[in-house]
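Asks: Mind looking at a prediction? Sequence and model below.
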Amino acid sequence: MGGHLTILPVEQHDALEKEAKRIGGFDYHFWIGLSDIENEGDWRWVDNTTLQHKYWDQWSSEPDNHQSGGEHGEDCATLDSHAKTWFDVPCDHIYKRICQMDALQLN
């Protein structure tokens, strides 16, 4: 459809988190476009920019690359819209996605 998982600049994080919480219901984890799949510990957005502002869940010591992630660990990030923080999780988990795309010109 021409979109990709969202890149969350600091000025959009809170607004997007509030909207995700509003529409998410019981599903409050959402994929965002952040991973360290190429190089463990080097978190990058889908456009390959490096992570500047971090919202990792400090209470849970995220990102922790927990062993529950199996052989590949936890290389992808989700937004927890209830805690307003991020968690690293295995990339094959099933969550809703927050995507973005360029604006379309309507004729």
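Replies: Perfect, I can see it now.

Asks: can you list contacts of the helix or strand of the chain with the lowest mean pLDDT?
Replies: In the chain, the helix or strand scored least confidently by mean pLDDT, DSSP states H and E is helix 10-24, which has a mean of 78. Residues outside helix 10-24 that contact it (CB atoms under 8 Å, 6 or more residues apart in numbering) are 6, 8, 28, 30, 52-53, 55, 79, 81-82, 84, 96, 98. The way it works is simple: take the backbone N, C-alpha and C, and place the C-beta from them, glycine included.

Asks: which among those residues end up buried?
Replies: Neighbour-count burial (16 or more other CB atoms under 10 Å) applied to the contacts of helix 10-24 gives 6, 8, 28, 30, 55, 79, 81, 96, 98.

Asks: Looking at those, spot the one nearest residue 106.
Replies: residue 6 (22.2 Å; CB to CB).

Asks: In helices, which of the buried ones among the contacts of helix 10-24 fall?
Replies: Judged by DSSP state H, the buried ones among the contacts of helix 10-24 include no members of helices.

Asks: where does this protein dip in pLDDT?
Replies: Scanning the chain for pLDDT under 70 picks out 69-70.

Asks: Look at the residue positioned nearest the centre of it and give its secondary structure.
Replies: Centroid-nearest residue in the chain, with CA atoms, centre = their mean: residue 32, separated by 2.7 Å. Three-state assignment for residue 32 (DSSP: H, G, I helix; E, B strand; the rest coil): strand.

Asks: List the contacts of it.
Replies: Each residue near residue 32 by CB under 8 Å, 6+ apart is listed here: 5, 6, 7, 8, 77, 78, 79, 86, 98.

Asks: how about a cut-off of 10 Å?
Replies: If you count contacts by CB atoms under 10 Å, 6 or more residues apart in numbering, residue 32 has them with 5-8, 13, 16, 20, 45-46, 55, 76-79, 86, 95, 97-99.
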